[in-house]
Structure formats: C-alpha cells, structure tokens
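1. Whatever this is, show me its structure:
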Amino acid sequence: MSRGLSASLNTQLANDNNTFAFLVQLSLSSTYRITDHAFDVTYNANTYTASGELVSVSTTPETGELRAEETTIQLTNVSSTFRSEFQNEQYIDNEVKIYLGFFDSNDSFIDAFTFFSGNIKTVEITENKDSSVINVSVGNHWSNWNLTKGRHYTDESQQKEYSGDKGLEFAHVTKADIRWGS
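-> Residues are numbered from 1 along each chain as shown. Below you'll find the model as predicted:
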C-alpha cells in the first residue's frame, strides 16, 4: 500500500540501496527540529538540525487496530537551553511529529513520510559526570482514551488551583500507579 507516498519516494523505495534518517519536531515553548542524519535536512520548508542530539527513535508496531501506541525518543548531548525546556516541566501533551526521510545514493534528500505523531507523555532525564540522556515518551492520539477528563495531576495544574501547594511537586518522577486508601 502506497499510503499516499510521493512518486519520487515510491521510486526510491524500489531501489535496493536506501538511506534514511529520522526528522523529529518537538513543540515545546519553541519548536525544535532535529535529525539523526549527518547533515541538516530541509523538509516542508523547515530545517532539521543535525546536531548529534538525536540518538534513537524506538520502533512502533503497526497493527491496523485502533489502540494506544507509544514510541520513545532518546536524546543526548543536549544543550542547556534544550534541557531546561524539560526541566521547566511544561511539556506534558505537547505535540511531537516524527518523519522518516529517505536519501538517494548521492545523499540527496528525496522525501519523507510521517512515522509517528502524538503528544509527550513522560520525560526522563538521566545525568552523570560524562553524559546527559533524555528519554521522551510520546503517545499517539488514542492514548488519551483512558484519561479522566478534567485537569492533569501535575505541579503546574496544582499551582493553578492551589498556589504554593507542594503536594504534586515531584509527581512527574513517580512511575508506579499509586492507589490511595484501602
């Protein structure tokens, strides 16, 4: 099935020799566009910067079923500006688009298609003296089906309702589902 792929991309996919790269667009307080390609890539009039920050994008199964799926983007060697975007904790439900771009044997960009799109669910920052790694978990639009409507249980949401309350200050750190009461 061609999925509406361009003729040039269909032609390139028919070749035995394909090179590809991920193009990731993160919408935070600013929009960041990065790629794991060796050079900057321009797609849809936007430049995706090859800075070495994007390490990997996890595989995402395609089932044809309507169900929640997630993928993880791993970033490393990120700038302090980029890292502070996540430390400010203003990222939940922000949009992420991941494209898979293809190149010919001369390393010229052919075209790309949407690999995954969704919203940021969680971010995990791991730092030590040698490196800083950020894992961004992104869920597709079906992942909100089980969400209780209303407010999110984040420190930002808590501060809007009860300014100065520290009850959810570290809510983003907890991974397990905590059940209160009996």
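2. make it CA atoms for all contacts and neighbour counts henceforth
-> Fine.
3. hmm, who's touching the strand of greatest length in the chain?
-> Taking DSSP state E as the criterion, the chain has its longest strand at strand 109-127. The contact list for strand 109-127 (Cα atoms under 8 Å, 6 or more residues apart in numbering) reads 5-6, 8-9, 12, 41, 43, 71, 86, 91-104, 132-141, 172.
4. Filter these down to the buried ones.
-> Neighbour counting by 16 or more other Cα atoms under 10 Å classes 9, 12, 41, 71, 86, 91-93, 95-104, 133-140, 172 among the contacts of strand 109-127 as buried.
5. For residue 31, name its beta-bridge partners.
-> Listed by DSSP bridges, the beta-bridge partners for residue 31 are residue 27.
6. ok, now the one 4 residues further on?
-> For residue 35, the beta-bridge assignment (DSSP bridges) gives partners residue 23.
7. That one - how many residues pack around it?
-> Residue 35 has 27 neighbouring residues, counting by other Cα atoms under 10 Å.
8. Could you do residue 21 as well?
-> A count of nearby residues for residue 21, using other Cα under 10 Å, gives 17.
9. Residue 98 versus that one, what's the distance?
-> Plainly put, residue 21 is 10 Å away from residue 98 if you go by Cα to Cα, to the nearest Å.
10. Residue 133 pairs with what?
-> residue 76, residue 126.
11. Is it correct that it is in contact with residue 75?
-> Yes. The criterion here is Cα atoms under 8 Å, and residue 133 meets it with residue 75 at 5.7 Å.
12. Need the overlap of contacts for these two.
-> With Cα under 8 Å, 6+ apart, residue 133 and residue 75 have no common neighbours.
13. residues contacting residue 159?
-> Contact analysis of residue 159 by Cα under 8 Å, 6+ apart lists residue 165.
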